[in-house]
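J.: Could you look at this predicted model? Sequence included:
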Amino acid sequence: YAEGAGLDTTKACLDGTREEILHETIDWIDDTDPNAPRIIWLSGSAGTGKSAIAHTIARIMKDSGALGSCFCFEKGDIKRYAKLFPTISCDLASRDLRLKHVLASMIARDRSLGTTADVTQQWENLIKEPLSVTSEDTIGRIVIVIDALDESGDPQTRKRILSLLTKQAGDLPNNIRILLTSRPLPDIRKAFDGIPHVKRKSMDDIPLSLTERDIQSYISNQLSDADYSFSADEIAKLAKKSDGLFEWARLACNRIMSDKAGLSEWEHFEALMSQTNSGGTKLLDDMYIVILKEVLGERPEERVLARFQSVMRHVLFTLEPLPLGALITMHRTVQPEQDQYDAESTILRRMGSLLAGIHDRFAPIRPLHSSFHDFLIDRDRSGEFFVDEADAHLDLTLASLHVMRRELRFNICRLKSSYLRNSEVGDMAQRVKQYISPQLSYSCRFLGLHVDGIAFKVHVAAVLKDVLCAEQMLYWIETLSLLQSVNVLFQCLTTIVNWLESNKGEAEMILAAKEGIQLIKNFGGMFSESIPHLYLSAFPFLPQDSVLSKLLSLKFPLTAKVVSGQLESWPLFRCLLTGHVERVHSVAFSHDGKWVASGSEDRTIRIWDTEVGVLVGEPLKGHNGPVTSVAFSPLDSRLLVSGSKDKTVCVWDTVTSSLTRGPLRGHSNWVRSVAFSPSGERFVSGSVDETICIWNAKTWMMVGNPLKGHTGPVNCVAFSPDSQRIVSGSDDKTICIWDASTELSLCKRLYHEGEIWSITFSQDGSKIVSGSNDTIYIWDTETGLKTCNPLEGHTGQICSVAVSSNRKWILSGSGDHTIRAWDIDTGTPISSPFKPHSLGVRSLAISPDGNKIVSGSWDKTVYIGDIEVLQVGEILEQNRGRIYSVDISPDGKQIASGSQDCTVCIWDVESGALIKGPLKGHNKDVYSVAFSPDGQKIASGSADSTICIWDVKNGLQLGSPLQVDIGQVRTIAFSPDSQQIVSGSDNGKICFWNVNTGLQLGSPIQGHNKAVVSVAFSPDGEKIASGSTDTTVCIWNVKARKQMGPPLNGHTSTVGAVAWSQVGGKIVSGSRDNTIVIWDASTGLQVGDSIKEHTSFVRSVAFSQDGRRIVSGSWDKTIKIWNVNDGQQVGCSLKGHTADVMSVAFFPCGKLAVSGSVDGKIRVWEICDDSTHLNGLIFSSSAKHSLCYAEDLFNNTPHLEENWRDHVKLNDEGWIVGPQGQLLLWIPIQFRTLLHTPGTVSIIPGPAVELDLSVMAHGKRWIDCIDDGNSFK
């Protein structure tokens, strides 16, 4: 609710004045004609009395019970526009009980209506709908007064309000009337032109004689208490002098009645009458000059003028009006000491007739009338009183810096615990208001804009250095985080860097500012979640060579330390954004690259800041189904279109988070894809209904009829760079190229070998890139011919393709979880697969400048990063994609791994070094690897339907690949004598192979009716066990090639893993039903109860060599050890992988285990019988690095602390959290897969990131992290 924006009876017309226009307005209000205009727009230049009429009508309507609301805008109050409709709605509800109940019901259904700044949602839900559903007879006539709309902000800000008033207010009930006043600004005049439900009335239409009559009455009233008795003739002369300007008359009366010593009221009158006759603006200017000379002197001294201009620079050029106390504080920082008191007392206190707020230290100070502001900033009009903008920016720059130096401090809002998110601090808003002064808030937010307005000054740079190159930098970030304005600092520091670099500023300052930008980019999203972790979680991970780290390390001694694996320099920007609660279907960059939009299965669209990685505004809500596609207008980042499974297209204003148009209906089934034309004039939608619709981006109407030509769902659409063609891809395996200029006809049809999921044009429009099930094609747009061979490498459907603007790159995102880069001319891969997500990549986009990528995934996250990530060899070498399978050599010295990048690697266990490989022989994912029992060979099975055999010593492939007829090879195993290999495939068949000859031994055997995903030999080599997606385990006689007994039924879902004990005659199986079952191999009976401790698919199991233990790896990201005899877990779960665990194995010694994961890492683990020797909470190989005061995290509950590994975890957002979700530490994305966790022996490839938490302040002790006697502790 906008306090102070309502009716002010002191501003109403004097009784007996303005009677004609008041009667005309009241007649319009009382008109019962259903076609009567709902709005009257009263326009006029500054000072003509529009506001007085508005307040008079409001007063009259209030007295008669008809006033619905009165809302007045004020110059400089840039936030008031968002309160317009909520304030009107609240006023309406307070006068009508039924309307109040309707509003309460609506807000109960959607709580966001009570807080949204979206003016469209406000209008629709708080004004239009409640008024439409309540009875006219019950409510009676309702008048809404909106005064000074021209002061609501810039034209862009007003645009939404004007649009609603012009396009929707005409549908309001006939008893609703809106009186609106403003100056006749071009955007307002244009909006109201030709609108039938808007009646236009100009103050210029009122005869001057009537206006002078009314001004005469006003003057007579104002001077009635004068000691001098002014005659009617004198009053008439003064009224005529006003030239119809009530503002001039007000100022004239104030001057006459002033108590200035030495002049009588008559002498004041004479002085006014002696002024040269002028009209309009000149008349007001003359009055302002007279008043200023009375305040400052007829011939003001130079120091007096300087003092005035100094004060007025702060009043006129603050980018947000400041209250008196804050303005004085800022002003005093840049003035000589002897002038500080005089400026306040001799200037501000004497300008009551020109400035509002000078008598209240908490009220914003602003000119009473906008004409005074315009007068002072125009040198030709104001002369010696001119206030220079450049000088103002210099003053405000210095004032802001001085305020920041004095008031910025550590833990400024005195937060009590680092365990809490900002949203969990119940009184956060009150703390911000209490501890962050208006002048500090202003200085922190607007410093950059003032710096941008000044030339380089050495003394300014010196003050700036005190902020940039000290702890104040962190305190600045902290304060802006509390103000939810971190993105402002990014722009501010960028401005400062440019300012310094263009003027050869100090290298240290430039570097510090650049590091501030890096700090925000890499950690902004994190400390926007929890302020204390700016110090606890960001500071420890600053690179070793960071200037900020070197400057501030002694200042913050009690924080975590990275003792191993620290970065030497700032990494390329990478940010994983969480917030959607369902899979992300679509992402898009705004045309300026500053924002990213993401559309999700959760029916919302989120807007993200690409520099800081934080959510911008509220999620966009309006679709009744999952959001499948989003696209920004190339002309305006505020405009976004979206398609949904609710069969509609919506148009959004991203600044106000509001629905602008729609839902637009033209499809009969769900919309899969939307795209804007580069011209911005149209957008296109493709649907499951097999049609394409083209929409006009100005009228929001469909252009022509839907395009028909596909015989299957249209999955993707795109415009050519010249906006003249549309390309579409479909389930029918065809690409259609359409003429989008005038004919809207089909030009060409291209044929794919599979369904087409994604499509785009090259930057020059000469090529079309399409993505299918696992291949990409590049087509010549004109000829329709393929320009090169298919681009192959992905193992899942190509959900998205994009072409960079500044590189000849194609990027592709796939269901195989990876992003790949390709050369658009040759089709060759530019990089290894990049895996930013833990599940399939559903959508990707490249920023307009070609420097960033964004991707959205089925894992519910959005990734934003520098595109150079795809070129960094070191990163890519360590990111081989998913590790599907690992095995240990018989001597325990080597690990073999098979991965998503189609290669096999051999690693040294002791050093973690790659000693052989990557071994390249497959062209698709390697699902399974196994060492031969004699240690001489490795076999690998792949999705390419082949098995390769490798020489362990030299890494060479032995012979040609073994070819399976049909189906991916999902699993392989060596016989105990190393002479045979058994394989299981997607086709449900099991094959046996001679290792030496490579020949298949006999015919495949088949007993499973679905894919065989795991096989294992018995210790004697006479039998094998197999697990299948058909939920069963089968045992087979190797020689007879026959199944032994019926299938083992104990699972209810896919059996993903089987293993045969070397002793004891047992088989173990793991399943997608989250259970582990132990079987008697001889009887086929289940031994004991199913083990049900995992919370997701048990993808891998293995026995220790002595047969006493089982290791299991699960998609719940954990590894567990089990006692075979009783099925009980041994020790704590092993946690460290950040994604699904795909493969596990025991070392021959039985004291170590190995695991491979979708996170691309191999971990070697120490197996312990219990966790008693790991009481300390530790993320290091050294016990001395355990967390101090760990009991605080466990609320002094001993049993939790003793078994802390089961209660502390690294969550998907990167937080290490305690038992109740307490935030202990945030781990940057670059470190998460490498974080040393308890039980870890090594991480391959590494090195592991180890943390020293032995002195880390946390929880309620967090404020001890700083060595600073001035902070609030």
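T.: Good, I have the coordinates.
J.: lowest-pLDDT helix or strand in the protein?
T.: helix 873-878 (a mean of 41; mean pLDDT, DSSP states H and E).
J.: who touches the helix or strand that comes right after that helix?
T.: With elements assigned by DSSP states H and E, the helix or strand that comes after helix 873-878 is strand 883-888. For strand 883-888, the external contacting residues (Cβ atoms under 8 Å, 6 or more residues apart in numbering) are 894-900, 909, 925-931, 938, 1142-1148, 1154-1162. C-beta coordinates here come from the backbone N, C-alpha and C atoms, glycine included.
J.: Just the ones of those in strands?
T.: Of those, the ones assigned to strands by DSSP state E are 894-899, 926-931, 938, 1142-1146, 1154-1157, 1162.
J.: Of the contacts of strand 883-888, select the buried ones using a PyMOL command.
T.: Command for PyMOL that selects the buried part of the contacts of strand 883-888, burial taken from 16 or more other Cβ atoms under 10 Å:
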select buried, resi 894+895+896+897+898+899+900+909+925+926+927+928+929+930+931+938+1142+1143+1144+1145+1146+1147+1154+1155+1156+1157+1158+1159+1160+1161+1162
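J.: OK, contacts around Val1012?
T.: Arg970, Thr971, Gly984, Ser985, Gly988, Lys989, Ile990, Ser1026, Gly1027, Ser1028.
J.: what do you get for Lys893?
T.: Asp908, Val909, Glu910.
J.: same thing but 10 Å
T.: Trp907, Asp908, Val909, Glu910, Ile915, Gly935, Phe1147, Pro1148 (Cβ atoms under 10 Å, 6 or more residues apart in numbering).
J.: Taking these, tell me the two that lie furthest apart.
T.: Distances among the contacts of Lys893 were taken as Cβ to Cβ; the most separated pair is Ile915 and Pro1148, at 18.6 Å.
J.: Quick check: buried residues in the longest helix seen in the chain?
T.: If you go by DSSP state H, the chain has its longest helix at helix 507-527. Buried positions in helix 507-527, judged by neighbour count with 16+ other Cβ under 10 Å: 509-527.
J.: Go through the contacts of Val1012 and flag which are in strands.
T.: Those of the contacts of Val1012 lying in strands (DSSP E): Arg970, Thr971, Gly984, Ser985, Lys989, Ile990, Ser1026, Gly1027, Ser1028.
J.: If we ignore the residues flanking it in sequence, what's nearest the second one?
T.: Ranked by Cβ to Cβ, 6 or more residues apart in numbering and with sequence neighbours excluded, the top spatial neighbour of Thr971 is Gly984, at 4.4 Å.
J.: okay but that neighbour is in contact with Gly1007, surely?
T.: No. Counting by Cβ atoms under 10 Å, Gly984 does not reach Gly1007; the two are 11.3 Å apart.
J.: In terms of neighbours, single out the busier of the two.
T.: Gly984 (32 against 19; other Cβ atoms under 10 Å).
J.: List the contacts of that one.
T.: For Gly984, counting by Cβ under 10 Å, 6+ apart, the contacting residues are 927-928, 941, 964, 967-973, 990-991, 1004, 1008, 1011-1015, 1024, 1026-1028, 1058.
J.: Show me the beta-bridge partners of it.
T.: Thr971, Ile990 (DSSP bridges).
J.: Show the model's pLDDT score for it.
T.: For Gly984, the pLDDT comes out at 96.
J.: Quick check: it vs Ser942, distance?
T.: 13 Å (Cβ to Cβ, to the nearest Å).
J.: domain parsing for the chain?
T.: 9-206, 211-274, 278-387, 390-559, 584-665, 675-751, 754-871 (the TED database).
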